[in-house]
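**Student:** Sequence first, then the predicted structure, then my questions.
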Amino acid sequence: MRVAEVARFGGPEVLRIQKAPDPIAGRGEVVIEVVAADVLWVETMIRRGGGGEYFDVTPPYVPGNGVSGRVRSVGDGVDREWIGRAVVAHTGERGAYAEQVAVPVEKLAAVPDGLGLPEAAALLHDGITALTLFECNEIGTGDVVLVVGASGGLGIMSVQLGRARAARVVAVGRDERKLTRIRELGADAVIDSEAPDWVEQARRALDAEGATVILDNVGGSVGESAFSLVAPGGRFSAHGTPSGQFAQIDAGEAERLGVTVRGIQDVQLSDGDIKRLRKEALAEAGSGRLTPVIGQTFPLSRAADAHAAIEARTVFGKTLLLT
């Protein structure tokens, strides 16, 4: 089979297609014929060697941790009725950029009828993370939510969940083409983060006291500027790093305002949580309450191009590799 392998840390060009042995299902495992693999911004950061203390990765390695496809074979102890079924699965920290993957059967979830395999793959990270953010920040019908970085897969799902569960949603993004598409998602207001007065525009779009919840998918100076828009007693989630770093929030100012600040550590999930939230994300999509927006797909052979597009910020919504 073919895999997309990072031979050394560096630019997108270090992603090369290699031959690898077909996986064999061990006891308690299945082999999945991959249809789609999820591609995440954080995988581009790790490929560049920027994983630091959070990701202990040494090349060569195969990136990716989520796939959809059909079960090709099963190992001892696994019900043969899984064979041929449409499934999604997490592969662990890596290994998903491949034509086939072997995973423990407990990592599988069946894809509901009517939901496509690419769409199911698009839920594996963004759907679960969005649900986690809404759960840990206790977002409900009375909340006013500001979504910073609303044009990525996670941002889009945050806007969708906000529309369904919160009183008001204000979306912040960049690039007029992307902003137009965000407006189509039904946000109450859409703000261009490249406008010099974007913070004031967002302030006017929010309720008088500001946002009760801010979901920062970007980090850096944009996330830090957004902190000024949080209402006293509100919640600020500083989990995003596409800017290159998490937003650095003044702990003393947060305490003065009574604002609860959460970070990336608050969206680290146990296997049990992942299984529960994966099932919920698939159910939400199956019912039409969550609609993954797949903005671009690349064949496995062009994994380097997928990474380059994400780093150039030309993508909208979810990026997938198709085998």
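**Tutor:** Cool, the structure landed. Residues are numbered from 1 along each chain as shown.
**Student:** Quick one, grab the pLDDT at Val74.
**Tutor:** Val74 carries a pLDDT value of 98.
**Student:** Make residue 1 into 877 and carry on from there
**Tutor:** Okay, using 877 as the starting number, the last item reads as Val950.
**Student:** Tell me what it is bridged to.
**Tutor:** Legend: beta-bridge partners of Val950 under DSSP bridges are Val906.
**Student:** Would you agree it is in contact with Gly960?
**Tutor:** No. Here Val950 lies out of contact with Gly960, judged by CB atoms under 8 Å, at a distance of 10.5 Å. Where you see a C-beta, it was placed from the backbone N, CA and C, and this is true even at glycine.
**Student:** Look at the two and report which has more neighbours.
**Tutor:** Comparing Val950 with Gly960 by other CB atoms under 10 Å, the one with more neighbours is Val950, at 18 against 11.
**Student:** burial count for Lys1151?
**Tutor:** The burial metric for Lys1151, expressed as a neighbour count using other CB under 10 Å, is 17.
**Student:** Buried residues, whichever strand or helix holds it. List them.
**Tutor:** Lys1151 is located in helix 1147-1162, with elements delineated by DSSP states H and E. Using 16 or more other CB atoms under 10 Å as the test for burial, helix 1147-1162 gives Ile1150, Lys1151, Leu1153, Arg1154, Glu1156, Ala1157, Leu1158, Glu1160, Ala1161, Gly1162.
**Student:** What of stretch 905-919?
**Tutor:** By neighbour count with 16+ other CB under 10 Å, stretch 905-919 contains the buried residues 905-919.
**Student:** Quick one: mean pLDDT for stretch 1166-1184?
**Tutor:** For stretch 1166-1184, mean pLDDT is 96.
**Student:** so where do the helices sit in this protein?
**Tutor:** According to DSSP state H, the chain carries its helices in the segments 917-923, 993-999, 1002-1012, 1029-1041, 1052-1060, 1074-1081, 1096-1102, 1127-1133, 1147-1162, 1179-1187.
**Student:** can I get those in TSV with distance to Pro980?
**Tutor:** Rendered in TSV, the data for these read as follows (distance: least, CB to CB, whole Å):
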stretch	distance to Pro980
helix 917-923	22
helix 993-999	18
helix 1002-1012	18
helix 1029-1041	26
helix 1052-1060	38
helix 1074-1081	44
helix 1096-1102	36
helix 1127-1133	40
helix 1147-1162	10
helix 1179-1187	25
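**Student:** how about those, which one is nearest Val933?
**Tutor:** helix 917-923 (5.5 Å; CB to CB).
**Student:** Can you name every helix or strand that that closest one contacts?
**Tutor:** helix 1179-1187 (3 or more CB pairs under 8 Å, 6 or more residues apart in numbering; DSSP states H and E).
**Student:** Glu969: neighbouring residues, count only.
**Tutor:** Glu969 has 14 neighbours, counted by other CB under 10 Å.
**Student:** Return the residues in contact with it.
**Tutor:** Contact criterion CB atoms under 8 Å, 6 or more residues apart in numbering gives Phe931, Val933, Asn941 as the residues in contact with Glu969.
**Student:** Quick check, pLDDT for it.
**Tutor:** With respect to pLDDT, Glu969 has a value of 85.
**Student:** Glu905 versus that one, what's the distance?
**Tutor:** To Glu905, Glu969 is 17 Å away according to CB to CB, to the nearest Å.
**Student:** and what of Ala1084?
**Tutor:** Using CB to CB, one gets 56 Å for the distance from Ala1084 to Glu905.
**Student:** cool, Leu1158 as well?
**Tutor:** According to CB to CB, Leu1158 stands 21 Å off from Glu905.
**Student:** measure stretch 1037-1052 end to end?
**Tutor:** 23 Å (CA to CA, to the nearest Å).
**Student:** what does stretch 1103-1121 give?
**Tutor:** 15 Å.
**Student:** cool, and stretch 901-919?
**Tutor:** Counting by CA to CA, you get 26 Å between the two ends of stretch 901-919.
**Student:** Average pLDDT for it, rounded please.
**Tutor:** Averaging pLDDT along stretch 901-919 gives 96.
**Student:** same check, this time on stretch 931-938
**Tutor:** When pLDDT is averaged along stretch 931-938, the result is 91.
**Student:** List every C-alpha atom in it, with coordinates, as CSV.
**Tutor:** Provided in CSV are the C-alpha atoms of stretch 931-938 (Å, rounded to 0.1, in the frame of the first residue of the first chain):
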residue,chain,number,x,y,z
PHE,A,931,4.0,16.2,20.5
ASP,A,932,6.9,13.8,20.8
VAL,A,933,7.4,12.9,17.2
THR,A,934,10.6,11.7,15.4
PRO,A,935,10.8,11.3,11.6
PRO,A,936,10.2,9.3,9.6
TYR,A,937,6.5,9.0,10.5
VAL,A,938,3.1,8.9,8.8
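**Student:** wait, what's in contact with the closest residue in space to Ala972 that isn't next to it in sequence?
**Tutor:** Counting by CB to CB, 6 or more residues apart in numbering, Ala972 lies nearest to Gly940, which is 2.8 Å off, once chain neighbours are set aside. Each residue near Gly940 by CB under 8 Å, 6+ apart is listed here: Ala913, Asp914, Val915, Glu919, Thr967, Arg970, Gly971, Ala972, Tyr973, Ala974, Leu1197.
**Student:** That'll do, ta.
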